[in-house]
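Trainee: The sequence isn't on hand, but the structure is:
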């Protein structure tokens, strides 16, 4: 089956699950995504239902059906794909489209634990949204594609040995090899620490931006900061905390950096905020320095919590989570904060 992404989604029809043990997440990897998912969601064979490419809607060309064929938003944010992606009585967050707009990954809070779902555009038709990563004990969230899109990064609280008690959140990835995905690999040091690492974004050179509450002075601090790790010869370097124009003594996380690293959008909890957490934006000047971050105002922020920003690769739309749903808005609004 010739597809840009190959997925076989496993739907649980029974609550009877057990963990398939792994000695090491990097050892004995299986390429097939179905084997991969079965190793993480192990159920009896007669309790597994398979669905491939279930049709949802749309029969136009792929160009017409990008972004689920929805009418583009204007300068006022709108709920994204109501009743299909953004649904009542659940929490959606952490969304990302592929560069060609034909694959969509997003996080779903399912009864207090996070899962990663996806849909794909094939011959003018979006497949039914399906679970990609799920487990009865551990969470998977914050999906983000690498610049080359051969890796899907995410965070998880699963232990390195694949079993036992939850650990802190680390950054992991699965790698696309042809039409298949590898088993997940922990990014490891120097990115991951004994504290939490959250939300991933990339510059065009592969440099990784993420948040962590690792602080040598305040162990297990609840106030996260944003870091950048440069990618050199295929290896991530020691992360560097961003400047005071971005990081403060308060909470900063969920950073999205423009592909050219000319701007950064992130979530922060500050005294000047509108609610539980707001989106802020900063731009780089001609010297490569970040401007003092600005609150994105009442247009974007509410009395609730705004988080998980993502700008589509074509630069047209800003996506983010608000009121437990995914919203989108014309990305031209970003320029209003440059002044």
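Mentor: In hand now; what should we look at? None of these values were measured; they are calculated from a predicted model.

Trainee: Retrieve the pLDDT associated with the residue nearest to residue 187 when sequence neighbours are not counted.
Mentor: Nearest non-adjacent residue to residue 187, counting by Cβ to Cβ, 6 or more residues apart in numbering: residue 171, 4.5 Å away. Where C-beta positions appear, they are placed from N, C-alpha and C, glycine not excepted. Residue 171 is assigned 98 on the pLDDT scale.

Trainee: Just the element for residue 171, please.
Mentor: Assessed by DSSP states H and E, residue 171 sits inside strand 170-177.

Trainee: Could you list the low-confidence segments of the stretch 51-200 of the chain?
Mentor: Residue ranges of the stretch 51-200 of the chain with pLDDT under 70: 51-62.

Trainee: That one: helices as residue ranges?
Mentor: In the stretch 51-200 of the chain, the helices defined using DSSP state H, counting those that start in this stretch lie at 62-65.

Trainee: Strands along that one, start to end?
Mentor: In the stretch 51-200 of the chain, the strands defined using DSSP state E, counting those that start in this stretch lie at 55-57, 78-79, 91-97, 103-110, 113-122, 125-127, 130-133, 140-145, 151-156, 170-177, 180-181, 185-186, 197-202.

Trainee: The stretch 201-339 of the chain too?
Mentor: Going by DSSP E, counting those that start in this stretch, the stretch 201-339 of the chain shows strands at 208-212, 225-229, 231-232, 235-236, 240-241, 251-257, 263-269, 278-283, 294-295, 307-311, 317-322, 325-330.

Trainee: The fourth one: partners in the sheet, and parallel or antiparallel?
Mentor: Strands that pair with strand 235-236, judged by DSSP bridges, come out as strand 231-232 (antiparallel).

Trainee: Rounded mean pLDDT for the partner strand, please.
Mentor: Strand 231-232 comes out at a mean pLDDT of 96.

Trainee: do the same with stretch 294-313
Mentor: If you average the pLDDT values across stretch 294-313, you get 96.

Trainee: which of the residues in it are buried?
Mentor: 295-296, 300-301, 305-313 (16 or more other Cβ atoms under 10 Å).

Trainee: ditto for stretch 95-112
Mentor: 95, 96, 97, 98, 101, 102, 103, 104, 105, 106, 107, 108.

Trainee: The fourth one contacts residue 145, correct?
Mentor: Yes: look at residue 98 against residue 145 with Cβ atoms under 8 Å: they come within range, at 6.2 Å.

Trainee: Return the set of buried residues in stretch 179-193.
Mentor: Buried, per 16+ other Cβ under 10 Å, within stretch 179-193: 180, 181, 182, 183, 184, 186, 187, 191, 192.

Trainee: Let's have those in JSON lines, adding distance to residue 154.
Mentor: What follows is those, written out as JSON lines (distance: Cβ to Cβ, whole Å):
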{"residue": "180", "distance to residue 154": "17"}
{"residue": "181", "distance to residue 154": "12"}
{"residue": "182", "distance to residue 154": "13"}
{"residue": "183", "distance to residue 154": "13"}
{"residue": "184", "distance to residue 154": "8"}
{"residue": "186", "distance to residue 154": "11"}
{"residue": "187", "distance to residue 154": "10"}
{"residue": "191", "distance to residue 154": "13"}
{"residue": "192", "distance to residue 154": "13"}
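
Trainee: quick revisit: what comes into contact with the strand holding residue 171?
Mentor: 5, 25, 31, 36, 146, 149-158, 181-187, 191-192, 197, 200, 210 (Cβ atoms under 8 Å, 6 or more residues apart in numbering).

Trainee: Within the sheet, what are the partner strands of that strand, with directions?
Mentor: strand 151-156 (antiparallel), strand 180-181 (antiparallel), strand 185-186 (antiparallel).

Trainee: what is the orientation angle of the first one with strand 103-110?
Mentor: The reference is to strand 151-156. Interaxial angle, strand 151-156 versus strand 103-110 (axes from the mean of the first three to the mean of the last three Cα atoms, to 10 degrees): 10 degrees.

Trainee: ok, now how distant is residue 149 from residue 294?
Mentor: Distance, residue 149 to residue 294, by Cβ to Cβ, to the nearest Å: 31 Å.

Trainee: ugh, wrong one, residue 81
Mentor: From residue 81 to residue 294 the distance is 29 Å (Cβ to Cβ).

Trainee: Also residue 141?
Mentor: 27 Å.

Trainee: One more: residue 137?
Mentor: Taking Cβ to Cβ, one finds residue 137 at 40 Å from residue 294.

Trainee: quick one: residue 69 from residue 123, how far?
Mentor: Residue 69 is 13 Å from residue 123, by Cβ to Cβ.

Trainee: So these two - more neighbours on which side?
Mentor: The residue with more neighbours, out of residue 69 and residue 123, is residue 69; 16 against 11, by other Cβ atoms under 10 Å.
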